[in-house]
Structure formats: C-alpha cells, structure tokens
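Q: Need the 3D shape of this:
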Amino acid sequence: MSTKTKESLKIVSQEEIGTGIFSMWLQADRMAEAARPGQFLSLYTRNGSKLLPRPISICEIDRENGRIRLVYRVTGKNTGTEEFSRLHPGIQVEAMGPLGNGFPLEEAEGKKVFLIGGGIGIPPMLQTAKELKAEKTAILGYRDELFLNDEFEKYADVYVATEDGSAGTKGNVLNAIKEKALEAEVIFACGPTPMLRALKEYAAEKNITCWISMEERMACGVGACLACVCRSKEIDAHSQVHNKRVCKDGPVFLSTEVEL
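A: Numbers count the residues shown, from 1 in each chain. This is a model prediction of the structure:
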C-alpha cells in the first residue's frame, strides 16, 4: 500500500532530453524512501482553473539523496505539462505521492523478463530495470526520436523499434521481439493501449505472465474522479460494476485482469 503524502518539492534540475520530452529531478526525501518502480506522482499546477493534478510516472528513484526523477511529455499549449516544463531549479512544485501499485518485482526475480516501454511509457521501466534482479531484456518503442535508451544499457540488454525505421527494428516492440527471436517468461510493460492490447494477446498465446501499466489513462490520480476506470473481470467493490480505477487499483495490472 502506498504511503502517500502531499508536499511542496524543490526542483533540483530540469532539461529537455528530446523534442517536448523533459527530465525533472525533485528533492523528495520522504517520497523517495517510499517510492517503488511503476508508481507515479501527481503534480499540481499553479493555474487555479486546472484543479486536477497531472499524474507523471516515476522514472528514477535516488534514495541516497532523497530525489525522484520524472520524465514527461509536454502535451500541448497551456497544459499542465507545458507549465511544468517552464519551471526552473529552485522552484517548488506541489506533489502528491507516491501513488498507485508498482510492478511486482518479486514475481519476476531470477526469471527471463521483457521490460517493454512504448513512447512516454518508457520512463517508468528505467527504475524497474535498475531494481529487478533477473535476466532483463528492454524493448523500447519510439515514433522516431530516441530518449533514455542509452541509460537502460547499464541494466539490461536493449532493443529498439521505431515506427519510421530510423533506428533498430522498423515497426513496433512486437516486431522487434519477432525479428530478434527474443524470449521471456515474464513481461512488464507500459505504453499506449494498442501496444498493451497486442502484448496481452502475445502473452496469452505464448503462455507468458504479463503485467501492464495503464498509466496513460489517469486524470486525478487518487481514485476520486473515475475518469480512468477500465473494464475488469471482477466486480469492483466501490462501484459494484466490472471496473477498476487505474490510478488506485493500478496502474499495474495482470494483463488477464483487465479488458483493453
């Protein structure tokens, strides 16, 4: 269970590491101690008209120095993420976290594991790669421009897929898996819904245990707004329907638990 707190965190550094992709380190002593791979923070904007915080997945945790790294994409003009991208070191930002359930590392310990990230689903896989004690293969899917891929090389064998074929395998992460004849016993994945849907099918066909993070579906991050519900096999005790709240029950689910 996450020991979430809401506090004001100081920005230690911020840089643009790809077109519209920003990397922000926050001084977050208590949160860094409690945070686990696959969890997220909800950041509040200073704009009074935007009441809901923006959930951003945790990319790295530096427990020694009490810091958390967020890597996020600016989603358009006058958005919360655009506001965050303009903040500079020394500024305080309101955040709640760590939130959600992360990847169950103990389920994959000592096994052959695919760590799969697609687009802005790539950042949360980095801390997962750092902490997981297993035979790790990272398969990272991009539209065109690469980011973070070199950082994964310290912790896993890395394969890249790009939609335009400018780097690695042309196509998506499954094309890379097939082209390189890669194999695994467990999958941890985060990315857009079509990618997760394809991985769920692939895992069922190959009889692989697959855990997926559905973080792109969240709005409030605390289970209140119900904007992020997904179809589930079981009946939810909260709403008495076949729904799970991605932010509170997830964002990480066993692929067989949810409908995509």
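Q: CA atoms for contacts and neighbours, from now on please.
A: OK.
Q: now the helices for the stretch 101-250 of the chain?
A: For the stretch 101-250 of the chain, applying DSSP state H, counting those that start in this stretch gives helices covering 105-108, 123-131, 149-152, 173-179, 193-206, 246-249.
Q: and the first one, which residues are buried?
A: Buried residues in helix 105-108, defined by neighbour count with 16 or more other C-alpha atoms under 10 Å: 105, 108.
Q: just to revisit the earlier point, nearest to residue 33 among the helices of the stretch 101-250 of the chain would be which one?
A: With C-alpha to C-alpha as the measure, helix 123-131 is the member of those nearest residue 33 (13.6 Å).
Q: so which strand or helix has the closest residue to residue 69 other than its chain neighbours?
A: Of all residues not flanking residue 69 in the chain, residue 25 sits nearest, at 4.3 Å (C-alpha to C-alpha, 6 or more residues apart in numbering). For residue 25, the element it lies in under DSSP states H and E is strand 21-27.
Q: Relative to residue 188, how far out is residue 34?
A: 21 Å (C-alpha to C-alpha, to the nearest Å).
Q: returning to what we had before: show me what contacts the residue nearest to residue 69?
A: 11-14, 67-70 (C-alpha atoms under 8 Å, 6 or more residues apart in numbering).
Q: confidence score at residue 230?
A: Residue 230 carries a pLDDT value of 63.
Q: actually residue 155, not the one I wrote
A: Predicted confidence (pLDDT) for residue 155: 98.
Q: Can you name the residues that contact it?
A: Contacts here follow C-alpha under 8 Å, 6+ apart; on that basis residue 155 touches 129-130, 136.
Q: By neighbours, which of those wins?
A: Among these, residue 129 has the most neighbours (other C-alpha atoms under 10 Å), with 26 neighbours.
Q: Isn't that one up against residue 153?
A: No. With contact defined as C-alpha atoms under 8 Å, residue 129 does not count as touching residue 153 (9.6 Å).
Q: can you put the contacts of residue 155 in a markdown table and add distance to residue 201?
A: A markdown table is the format used below for the contacts of residue 155 (distance: C-alpha to C-alpha, whole Å):
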| residue | distance to residue 201 |
| --- | --- |
| 129 | 23 |
| 130 | 27 |
| 136 | 21 |
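Q: quick one: residue 177 from residue 24, how far?
A: Taking C-alpha to C-alpha, one finds residue 177 at 31 Å from residue 24.
Q: what does residue 152 give?
A: Distance from residue 152 to residue 24, by C-alpha to C-alpha: 18 Å.
Q: From the opening residue of stretch 92-106 to its closing one, how far?
A: 35 Å.
Q: Count the residues that sit near residue 27.
A: Count around residue 27 with other C-alpha under 10 Å applied: 21.
Q: mind listing what it touches?
A: 9-12, 66-68.
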